[in-house]
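Asks: 3D, please:
(one chain, ligands or ions: 2)
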Amino acid sequence: MLWSEDPISTLMDEHRLFLRWLADVRRDTLPFEVGTVRVLPAAILTFGEVLSRDVDELHGRKEEEGLFPALARHLEGEEGPVRVMLEEHEVLRRHRNDFSVHLKKIQSDPEAREARTGVSRVIASVDALLRSHIEREDGVLFPLAREFLSAVELQEVAEVFREVEIRLGPISLPRGSSGPGPH
Ligand SMILES: [Fe+2]
Ligand SMILES: [Fe+2]
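Replies: Ligands and ions are numbered 1, 2, ... in the order given. Below you'll find the predicted structure:
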């Protein structure tokens, strides 16, 4: 499990996994994008799944059901930063839906040029958006949460995280040897 008693550190740990995953995906899909390989790389086959399960369902729900509502209660009329993050979660969901449409087309017709371009375009958009989203959560939103949330509120947020992981299981991305290990 990735949750800890400090829910903000849990989210930041997950962000680091996502950044490493994005870098791996871009590296592995480049030959496909430039057309030197025709076979779909594994990174593309699993892209929608990771985006859906790890980024949206697991991580997104921890933020949307746990941290964001707790933080918004302190922002009284200044919820702009939380709202922007929620809107971006929606944009990521739309990218995920577009991605599955393109992938299905490629799987039934490997030469479908438009779908092949579509897959590359969605991956590039997710890469740019998610990187910038993570940067603003780590750099703006989470420091606000650290400033405003009491120890009791952080504990309540950690409890929501536990419920999410019990419901959906742990994150599927490998933590790798450089990570702090499960706790
Ligand atoms: Fe987010
Ligand atoms: Fe996040």
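
Asks: what's the model's confidence in the helix or strand that contains P31, averaged?
Replies: Using DSSP states H and E, P31 sits within helix 7-33. The average pLDDT within helix 7-33 is 93.

Asks: Pull the distance from the helix or strand bottoming out on mean pLDDT in the chain to the chain's centre.
Replies: Within the chain, confidence by mean pLDDT, DSSP states H and E is lowest for helix 42-45 among all helices and strands, at a mean of 90. With Cα atoms, centre = their mean, to the nearest Å as the basis, helix 42-45 stands 16 Å off its chain's centre.

Asks: Show me what the helix or strand just after that helix is packed up against.
Replies: Per DSSP H and E, the first helix or strand lying C-terminal to helix 42-45 is helix 47-50. Helix 47-50 sits against helix 80-108, with contacts defined as 3 or more Cβ pairs under 8 Å, 6 or more residues apart in numbering; DSSP states H and E. (Each C-beta comes from the backbone N, C-alpha and C, glycine too.)

Asks: Give the buried residues for the helix it packs on.
Replies: 81-82, 85, 88-89, 92, 95-96, 98-99, 102-103, 105-106 (16 or more other Cβ atoms under 10 Å).

Asks: With stretch 25-40 instead?
Replies: So for stretch 25-40, counting by 16+ other Cβ under 10 Å, buried means V25, T29, F32, E33, L40.

Asks: residues near L45, how many?
Replies: L45: 12 surrounding residues under other Cβ atoms under 10 Å.

Asks: Distance of it relative to ligand 1?
Replies: 25 Å (Cβ to the ion, to the nearest Å).

Asks: Spell out which parts of this structure neighbour ligand 1.
Replies: E63, M85 (Cβ under 5 Å from the ion).

Asks: how much space between H74 and ligand 1?
Replies: On the measure of Cβ to the ion, H74 and ligand 1 end up 18 Å apart.
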